[in-house]
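# Here is the input, now give the coordinates:
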Amino acid sequence: MAYNYIGLVNDVNRRLNEVELTSSNFTSAVGEYSAVKDAVNAAIRFINQHEYEWPFNHVEQEDVLTAGTVRYAFPADCKTIDFSSFRIKRNDTLGNATKRLHILSYEEYLDKYVDIEYNTSTTARALPDYVFRTPNLEFGFVSAPDKAYTVCYEYYRLPVDLISDTDVPAIPEQFRNIIVNGAMHYAYMFRGEAQEASVMQQRFVDEIKNMRGLYINRYDYLRSTVINRGRTSISSFRVG
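Next comes the predicted model:
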């Protein structure tokens, strides 16, 4: 069975001993079949809401800056941005090398640099050194760019519900069974089978914890700050 919306729905239908849907009747499905479709999306939403930074929701983004423009909107599907990932991309035509940007607090920006938003002189513009986050889902740069530089950064997206029968979840197929177990919990709730729903809920939550152990709770390095003969020695040790 293909790993897509209809495939996941039919995984649940088979477990419930129900007739499988086809591409011709998937959209028009009603009653319990419609509830199973909702259950699959509910399970996917629960997994995604359980962790802000699942690696399968990771996005590398490139935006072209506008000369003289300081502030830019977050991507529409952005959940959280890694501000430590901002860098200006090398551009031989513009004459700039790759440059990582330092994080600046919004308060420090207002204290020291906010005049760049009102100063229209082109002499005040330059290759940015800093990136800051605003309170209204925007980020900005200091200095105001003087050229159309390309900025690269990384963020985690907000997933969307599956709609078409051929839609594929962002969650990797190796976790297909976890989605189905979560959907079974919601399907049993719809049927009023509370005991079965409770069993599936616990299994679902335990499996998500295992996903976190695989993807989130990983430490490749142990960092040591050992003071040695009057100076601080900082070392990194690889784990595994």
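# okay, CA-based contacts and neighbour counts for the rest of this
Fine.
# Doesn't G182 belong to a helix?
Yes: assignment of G182 by DSSP: H, G, I helix; E, B strand; the rest coil places it within a helix.
# Map the structural domains onto the sequence of this structure.
Here the domain parsing of the chain from automatic domain parsing is 5-53+171-215, 57-157.
# can you tell me the distance between the two ends of the last one?
With C-alpha to C-alpha, to the nearest Å as the measure, the first residue of domain 57-157 is 5 Å from its last.
# Now that domain: average pLDDT?
What domain 57-157 shows for mean pLDDT is 97.
# returning to what we had before: dump the domains of the chain to a markdown table, plus mean neighbour count and distance to D165.
Output for these, formatted as a markdown table (neighbours: other C-alpha atoms under 10 Å; distance: least, C-alpha to C-alpha, whole Å):
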| stretch | mean neighbour count | distance to D165 |
| --- | --- | --- |
| domain 5-53+171-215 | 17 | 5 |
| domain 57-157 | 16 | 21 |
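# Which stretch among those approaches I163 most closely?
I163 sits nearest to domain 5-53+171-215 of all the domains of the chain, at 7.6 Å, using C-alpha to C-alpha.
# Which parts of this structure are strands?
For the chain, the strands defined by DSSP state E cover 58-64, 71-73, 78-88, 99-100, 102-104, 130-133, 138-142, 150-157, 221-228, 231-238.
# what's the pLDDT at the closest residue to G182 other than its chain neighbours?
Setting aside the residues directly before and after it, G182 is nearest to A43 in space (C-alpha to C-alpha, 6 or more residues apart in numbering), at 4.9 Å. If you check A43, the pLDDT there is 98.
# what about A43, distance to L8?
Look at A43 and L8: by C-alpha to C-alpha, they are 11 Å apart.
# ditto for P172
13 Å.
# wait, what's in contact with P172?
By C-alpha atoms under 8 Å, 6 or more residues apart in numbering, the contact list for P172 reads F56.
# and with 10 Å instead?
Each residue near P172 by C-alpha atoms under 10 Å, 6 or more residues apart in numbering is listed here: Y3, F56.
# ok, so what distance separates it from T120?
P172 is 49 Å from T120, by C-alpha to C-alpha.
# now swap in F74 and tell me
According to C-alpha to C-alpha, F74 stands 24 Å off from T120.
# Please apply the same query to E60.
The gap separating E60 from T120 is 32 Å, by C-alpha to C-alpha.
# and if you look at S34?
Relative to T120, and taking C-alpha to C-alpha, S34 is found at 57 Å.
# Is the most centrally placed residue in the chain bridged to anything, and to what?
Note on the chain: the residue nearest the mean C-alpha position is Y156, at 2.0 Å, using C-alpha atoms, centre = their mean. Using DSSP bridges, the bridge partners assigned to Y156 are H58, T80.
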